[in-house]
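Trainee: heads up, no residue letters with this:
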């Protein structure tokens, strides 16, 4: 159970990081325009 929980956390963190990166990247694009 510990292993699957760690894998789940890793997947969630990856998705959150990707979403935040995309959000900030878009904001930077708009601000730099």
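Mentor: It's in. Just so you know, these numbers come straight off a predicted model, no measurement behind them.
Trainee: pull the number of nearby residues for residue 14.
Mentor: Using other Cβ atoms under 10 Å, residue 14 has 10 other residues around it. In this view, the C-beta of every residue, glycine as well, is placed from N, C-alpha and C.
Trainee: sketch out the low-pLDDT regions of the protein for me.
Mentor: Filtered on pLDDT under 70, the chain yields the residue ranges 1-3, 33.
Trainee: centroid-nearest residue for it?
Mentor: residue 17 (1.7 Å; Cα atoms, centre = their mean).
Trainee: name the element it belongs to?
Mentor: For residue 17, the host element (DSSP states H and E) is helix 2-32.
Trainee: list the buried residues in that helix.
Mentor: Of all the residues in helix 2-32, not one is buried under the rule 16 or more other Cβ atoms under 10 Å.
Trainee: and it, how far from the chain's centre?
Mentor: Remark: helix 2-32 is offset 0 Å from the chain centroid, using Cα atoms, centre = their mean, to the nearest Å.
Trainee: elements contacting that helix?
Mentor: Based on contacts counted as 3 or more Cβ pairs under 8 Å, 6 or more residues apart in numbering; DSSP states H and E, there is no element that helix 2-32 packs against.
Trainee: change the start of the numbering to 23 and stick with it
Mentor: All set: I'll call the first residue 23, so the last point we hit is now helix 24-54.
Trainee: re earlier: OK, contacts around the residue nearest to the centre of the chain?
Mentor: Residues near residue 39 by Cβ atoms under 8 Å, 6 or more residues apart in numbering: none.
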